[in-house]
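Return a 3D structure for these sequence lines:
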Amino acid sequence: MNETCIFCRIAQSELPAFKLFEDDLVLAFLDLHPIREGHALIIPKEHHPWFEDLPEPVAARIMSTGQRLARAMKHEWGVERVAFFFTGIHVAHTHAHVVPMLHRHDVTSVRYLEDGVEEFSLPPKPEDTALEQTADRIRARLARTDEQGGARSASD
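Reported below is the predicted structural model:
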């Protein structure tokens, strides 16, 4: 536990939360600043600042909890889609967002909104050579990481 982390304190029940689900590994609760009604967060109970550092069983539990919440949200709000994504913008404690999507731009990038909220503009597509170079860079980094036996820092 990180004494200064708000999510660690929520996981330890030191701070209140509108809890939706809890087990030995994760806690799901309502976001206090929701994109839409029902917007939930899922956190690991142990402090892990970055999602790529999660132990696989914890990551899997976050995903399965997100799926359970998504099914419930689809029924409750009658939506076709529920968004699931990880961020670390405001709190450096891994957290997944689960958001019932009432509008196709509920969880979108400004790059998609160039034609306004009723349209959906794709960002420009890079040339295939640029995409292949990016893929090569990532594949090479994955191979180096695998050779070194696991996760490496961004500076490696």
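
how is this protein carved up into domains?
What automatic domain parsing lists as the domains of the chain is 6-122, 125-156.

Just the mean pLDDT for the first one, thanks.
Read it as domain 6-122. For domain 6-122, the per-residue pLDDT values average out at 87.

Likewise for the shortest one?
Over the span of domain 125-156, the pLDDT mean works out to 75.

for it, the distance to its chain's centre please.
Counting by Cα atoms, centre = their mean, to the nearest Å, domain 125-156 is centred 21 Å from the centre of its parent chain.

In terms of secondary structure, what does the top helix by length along the chain contact?
Using DSSP state H to assign secondary structure, the helix with the most residues in the chain is helix 56-77. Counting contacts by 3 or more Cβ pairs under 8 Å, 6 or more residues apart in numbering; DSSP states H and E, the secondary-structure elements packed against helix 56-77 are strand 19-22, strand 26-30, strand 40-44, strand 82-87, strand 95-100. Where C-beta positions appear, they are placed from N, C-alpha and C, glycine not excepted.

List just the one of the ones you listed that sits closest to Gln12.
In this view, these are compared for proximity to Gln12 by Cβ to Cβ, and strand 26-30 is the closest at 9.8 Å.

So His48 belongs to a strand, correct?
No - inclusion of His48 in a strand is not indicated when DSSP: H, G, I helix; E, B strand; the rest coil is applied; the result is coil.

Based on its surroundings, how many neighbours for Ala130?
Under the neighbour criterion other Cβ atoms under 10 Å, Ala130 is assigned a count of 10.

Please state the backbone phi and psi of it?
Taking degrees, to the nearest 10, you get phi -70, psi -40 for the backbone angles of Ala130.

and the gap between Ala96 and Ala60?
Look at Ala96 and Ala60: by Cβ to Cβ, to the nearest Å, they are 12 Å apart.

And these two? Which one has more around it.
In terms of neighbours (other Cβ under 10 Å), Ala96 is the more surrounded of Ala96 and Ala60; the figures are 22 against 12.

quick one, what contacts the closest residue to that one other than its chain neighbours?
Taking Cβ to Cβ, 6 or more residues apart in numbering, and ignoring the residues beside it in sequence, Ala96 has Ile42 as its nearest neighbour in space, at 4.5 Å. Applying Cβ atoms under 8 Å, 6 or more residues apart in numbering to Ile42 gives the contacts Val26, Leu27, Ala28, Ile62, Thr65, Gly66, Leu69, His95, Ala96, Val98.
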